[in-house]
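Trainee: need a structure here:
(3 chains)
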Amino acid sequence: MNQLATEASLAMSMENRKRRRRGRLRKNWHLYAFVLPTVLYFLVFHYFPAYGLVIAFKNYKVSEGIWGSAWTGFEHFERFFDSYYFWDLIRNTMGINIYQLALFPIPVIVALAFNELSNGWYKRFLQTVTYAPHFISTVVICGMIISFLNPSSGIVNQIIAGFGGEPISFLTEPGWFKTIFVVSGEWQRFGWGAILYLAALAGVDPQLHEAAKIDGATRLQRIRNVNIPSIMPTIVIMFILNMGDFMTVGFEKIYLLQNELNLKTSDVIQTYVYRSGLLQAQYSFSAAIGLFNSLINLFMLVMANRLAKRFSQTSLW
Amino acid sequence: MKESTFDRLFVYFNHLFLFLLLVSVLYPLIYVTSASISDPVAVNAGRMWLFPKEVTWEGYQRVFRDAEIWIGYKNTILYTLLGTIVNLLLTIPCAYALARKDFAGRNAITLFIVFTMFFNGGLIPTFLLVKSLHMVDTVWALVLPQAAAVMNIIVSRTFFQMTVPRELEEAAEIDGCSNLRMFVKVVLPISGPIIAVMALFYGVMHWNQYFNAMIYLKDRDIFPLQLFLREILVSSEMSAAMQTGVSDLEAMEAQARIAEIVKYSVMIVSALPLLVVYPFLQRFFVKGVLIGSLKG
Amino acid sequence: MRKSIIVFACFSLLLLSACSRSDNRNNEPSASASEKQTPSNLNLTGFPITTEKITLDLMGEKAPIHGPWDQMYFFQEMEKKTNIHFEFDTPARESYKERKNLAFASGEYPDLFFGGQLDTADEINYGQQGILIPLEDLIEEYAPNLKKFLEENPDVKRSITTTDGHIYALPNVNTVPRDLVMKPWINGEWLANLNISTLPATTDDLLELLRAFRDGDPNQNGEKDEIPLSAPSMTNLRKPLLAAFGLLSNSIEVKDDKIVFSPIESNYQQYLKYMNVLFNEKLLDSELFSQTTQQFTAKGKSDRIGVFVHAAPHLVLDISDPADNAKHPALPVLTSEVNSEKVYPLNSSITRGTFAITKKNKYPEATMRWVDYFYSPEGSNFAMVGDSWQWKDADQTQWEFVYEGDNKEEYRGKIVPDPGLPLPLVRDNDFLSKEYNLSGAYLNKVTEEQFLPYAQTAFPLVYFTEEEQDRLNVLNADITTYVEQMEAKFIFGQTPISEWDNYVATIQKMGVDDMISIYQAAYDRWKSE
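Mentor: Numbers count the residues shown, from 1 in each chain, chains lettered A, B, ... in the order given. Model prediction:
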């Protein structure tokens, strides 16, 4: 009797679920229409040209075309792994990215701090000014870094000298390179990076704040218990996406700050590819290294996503 | 409600923190501005460190004397507007659909999109594609190959997941409201912040974009601003390696001199419109927006 | 349309029959005869080149100093003169290489490249594929000026003939003396201030001079801010200093028909030791590796530099009148304890790959006639200065460039494509030396008297086979980087010179012997041609 009832209800629920799914499809066709153009875009402009990836396993010559060029198997990968600089490149590329990840919370903190200001001209001014460095071109940024850090005339060394210290030749000391690169990058980006979190904070339900105030929560407590949890999904998502860039370092800025004396710490995969390809257009070699990077990036992102799924409710999929 | 001592202290600290940030950012900005009207030799020798030295307006005069700059401005504004509209049309509805928990296949589609972050066929297949679509030397070569960005779709999706309350959707469903109507009447009105941010992200991307223009455009009448600016500027350090074959030292010298003079002014000319626009977008980030009122 | 072409073809055939009759009488087999037939629209001599206007697609690199090409006086006048009209595709320098590759990859290549910056791999690959057409026969028949030049200069011909015996691209040839060597200079005012009248002849003398510059306050500002020796980059600086140790390059060079890799030679070790002494004694610019060219120049303009390596003194020092260049002597070619023979590296006078014709071009003969003009003195000068010049005196010993605006080169860049871009032409030394130019004459004189007698090229312009090139790409990337990195570390003392053996061993492990044998093979081929 009991069993029968369960079976019946099971069958019913199965039937229900099926019906519901069919119903959902019918009901949600608008949603598919929302997605369709975007999916088409990715199909045409990203998936279709992906056949170009095969050149990583070929000796691609523009003159012979992608299909006509000779197969080389893993030769380009081996060449990269056998390079004298291989381990330096891996160490530096990862080192810079880990350093950057360590500074990941800065835009979040800045956004939370902005959010505490009352709206007015000062807030607007402050935000506009902190957002401005994002638009300084790499060439100019590097020119500024080089002149600010100049051992004799640079402002940084003048301050050091003012405190009685010895001037530091920042750009030729290998030990300083990563700090210079990462800190200047963060300086350029924190205002811009904060925008996203500000938008997320704009979505926080004011009633939550009202309720917390009535409970006598201080500002700091409200930040911790209301604001941060509300923007946590955005933070997690941004972190996961960052992990997907793990083997990527902006080429131009490194290249402009690099010199023979700091090469030991400044040489990254992207500058190596540039140098190797300088003589001839070595599309295959750069494609191979690109693929290598992507595989690591993909792995990092999948791992980050898995961790996020386990420890928070948010994840990419 | 009266603020507690702790809160007041917190506010002071917050102000101090932000003030220090302001100073750290303001100094280089003043430096750039001053450098744009200073003699390049004074800048490079380190004699100019805050206020302009040996003032000259030659940089700006040069930039604006060039008739092509205005063509570039016009084109860039057009491409930015058109490009951003296309971007928003492809990003916002898609992100909303992917945010809906009752949307079957959302994970598969998200994966499908995210996966494109990790490979690209390279320049040549993409060029051949754009060519076979007859978009070379047209506006579309700048708009369609960049019609959506993975990161922006994901970020928008997260926003919708957080801010559009389930009850709202359920209520709409019960009312027999179609998804399209609900998106337009309910979701869009509370999406001001994310639309503003996306418009900003995409807009800035288009504004600063030069690579695609460099690859796909031949006709100078449709060049965007950045292409003209890069032509004057061409970072002398980057092209140093190529200049070994150039024998004419005076031409090199003249070119380096122009690049130095306009280096800073070019940057201000191209970034100023973006700085001016920002405060207008900021009003969309104002706390609370409409959610409270909708719920209440 | 088609009818009119046929009518026109008959008409021009009639006109040209006088010229071609003698050829036709010999009557070779018909196939080659039809190839040899003169195209209908073409005039064999004089201008216009074609009787009716033709249009060709042209691709070339737009240098930063150029105005738009279609608005250049040069192209507008050439069109009027020759009846050849161009549709231009002129990507800017930073994207040119990419655009050129895409043009080939997509089959959208132009009818001709002018200022085309083709590299040797392009010439070989696209030449063998038939995309670039062989030019020897066209030169023979339609390019009298170039033909004559190549006959008189077999070395140039050798350097533009690829491994399969064809010429696929035409060169720029520049033998203006001042462009042939990168020279070291001494700040003449500092010499005067310190009452030094003898110039250094050996590396030891140079050391002494630099010490005097360091200690004697030669810029007389009471501060010890002098930088005795500097340069915008190591590329410049190492030229005179390596030469003092008998080396012409920091890579491959030819010694009695044998290829050597200089950075593992014992004289190179001596060079490193010497440079390290300069660094330790604070005679060498400590920002040598980290400064931008502009920061270097700014130091010069602030009168802080004593000896420097650059194209001309007025580009570094604060000299308003170029005639004052003559106040600053060149540092003589030095000798050292390990090298008593004076040598100096000579820049190549040939730039390859400036011009090519593709198989799409329906008028290769007319195109060849068009470009041949620039291998005549008249045409070459036209490409250099347009008609913006005039004789200064009745005897025509000096001429002057006439320009608007404040900078000559900038104006030149708006009217002709020469500034900043190697074009297919031979520079007319005779005419150029008559330019009323205060710095040019001095620079030429210094070069001719003090450097050219000792100048040699490190390695001639050769062509590598595809396999050789592929292997070199792999070898070069690591070896070059390593050599330059270690050079800096040895000089700045980050690596002690006692590490020399390890350094040599590492380079050998990177495959330098392979590299040497590839160069040797290419050199032997070149030599035997």
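
Trainee: Show the backbone phi and psi for the residue lying closest to residue C:352 once chain neighbours are set aside.
Mentor: Spatially, and ignoring its direct neighbours in sequence, residue C:352 is nearest to residue C:171 (5.1 Å; Cβ to Cβ, 6 or more residues apart in numbering or on different chains). Just so you know, the C-beta spots here come from the backbone N, C-alpha and C atoms, and that holds for glycine as well. For residue C:171, the backbone dihedrals (degrees, to the nearest 10) come out as phi -100, psi 170.

Trainee: cool, residue B:50 as well?
Mentor: Per degrees, to the nearest 10, the backbone of residue B:50 is at phi -140, psi -60.

Trainee: The one 10 residues further on too?
Mentor: Note on residue B:60: its backbone torsions stand at phi -70, psi -40 [degrees, to the nearest 10].

Trainee: Tell me which residues are up against the longest strand anywhere in chain C.
Mentor: Using DSSP state E, we find that the single longest strand of chain C is strand C:350-357. For strand C:350-357, the surrounding residues in contact (Cβ atoms under 8 Å, 6 or more residues apart in numbering or on different chains) are B:245, B:247, C:111-120, C:122-123, C:132-133, C:135, C:138, C:156, C:159-160, C:168-174, C:364, C:367-368, C:371, C:422-424, C:461.

Trainee: In strands only, show me these.
Mentor: Using DSSP E, the subset of the contacts of strand C:350-357 located in strands is C:112-114, C:170-173.

Trainee: would you turn those into TSV with neighbour count and pLDDT?
Mentor: Output for those, formatted as TSV (neighbours: other Cβ atoms under 10 Å in any protein chain shown; pLDDT from 0 to 100):
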residue	neighbour count	pLDDT
C:112	26	97
C:113	26	97
C:114	27	97
C:170	30	97
C:171	26	96
C:172	23	93
C:173	22	93
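
Trainee: Kindly reformat those residues as JSON lines containing distance to residue C:290.
Mentor: Below are these laid out as JSON lines (distance: Cβ to Cβ, whole Å):
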{"residue": "C:112", "distance to residue C:290": "43"}
{"residue": "C:113", "distance to residue C:290": "38"}
{"residue": "C:114", "distance to residue C:290": "39"}
{"residue": "C:170", "distance to residue C:290": "40"}
{"residue": "C:171", "distance to residue C:290": "37"}
{"residue": "C:172", "distance to residue C:290": "34"}
{"residue": "C:173", "distance to residue C:290": "37"}
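
Trainee: Relative to chain A, which of these is nearest.
Mentor: residue C:113 (14.7 Å; Cβ to the nearest Cβ).

Trainee: what's near enough to touch that closest one?
Mentor: C:58-60, C:169, C:354-356, C:358.

Trainee: Turn those into JSON lines, columns for neighbour count and pLDDT.
Mentor: Formatted as JSON lines, those follow (neighbours: other Cβ under 10 Å; pLDDT from 0 to 100):
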{"residue": "C:58", "neighbour count": "22", "pLDDT": "96"}
{"residue": "C:59", "neighbour count": "27", "pLDDT": "96"}
{"residue": "C:60", "neighbour count": "26", "pLDDT": "95"}
{"residue": "C:169", "neighbour count": "25", "pLDDT": "97"}
{"residue": "C:354", "neighbour count": "27", "pLDDT": "95"}
{"residue": "C:355", "neighbour count": "27", "pLDDT": "97"}
{"residue": "C:356", "neighbour count": "29", "pLDDT": "97"}
{"residue": "C:358", "neighbour count": "21", "pLDDT": "96"}
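
Trainee: I'd like those as JSON lines, with distance to residue A:282 appended.
Mentor: Listed next are the contacts of residue C:113 as JSON lines, based on distance: Cβ to Cβ, whole Å:
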{"residue": "C:58", "distance to residue A:282": "28"}
{"residue": "C:59", "distance to residue A:282": "22"}
{"residue": "C:60", "distance to residue A:282": "24"}
{"residue": "C:169", "distance to residue A:282": "21"}
{"residue": "C:354", "distance to residue A:282": "23"}
{"residue": "C:355", "distance to residue A:282": "25"}
{"residue": "C:356", "distance to residue A:282": "22"}
{"residue": "C:358", "distance to residue A:282": "24"}
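
Trainee: For residue C:210, state which of these is nearest.
Mentor: residue C:354 (40.8 Å; Cβ to Cβ).

Trainee: What sits closest to the closest residue to chain C within chain A if chain neighbours are left out?
Mentor: Closest to chain C within chain A is residue A:260: 3.4 Å, counting by Cβ to the nearest Cβ. Sequence neighbours aside, residue C:488 is the residue nearest to residue A:260 in space, at 3.4 Å (criterion: Cβ to Cβ, 6+ apart).

Trainee: The one you found belongs to a helix?
Mentor: Yes: counting by DSSP: H, G, I helix; E, B strand; the rest coil, residue C:488 is found in a helix.

Trainee: That one: neighbour count?
Mentor: Residues lying near residue C:488 (other Cβ atoms under 10 Å in any protein chain shown) number 21.

Trainee: likewise residue A:186?
Mentor: By other Cβ under 10 Å, the residues close to residue A:186 number 17.

Trainee: cool, and residue C:149?
Mentor: 18.

Trainee: tell me which element it is part of?
Mentor: helix C:144-152 (DSSP states H and E).

Trainee: so is the residue of chain A closest to chain C in a helix, a strand, or just coil?
Mentor: Here residue A:260 is coil, with the state taken from three-state DSSP.

Trainee: Tell me which residues touch residue B:201, please.
Mentor: B:149, B:152.

Trainee: now for the helix or strand hosting residue B:231, which elements pack on it?
Mentor: Assessed by DSSP H and E, residue B:231 sits inside helix B:225-233. Here helix B:225-233 touches helix B:58-65, helix B:67-99, helix B:211-216, helix B:249-282, going by 3 or more Cβ pairs under 8 Å, 6 or more residues apart in numbering or on different chains; DSSP states H and E.

Trainee: what about 6 Å?
Mentor: The contact analysis (3 or more Cβ pairs under 6 Å, 6 or more residues apart in numbering or on different chains; DSSP states H and E) places helix B:225-233 against helix B:67-99, helix B:249-282.
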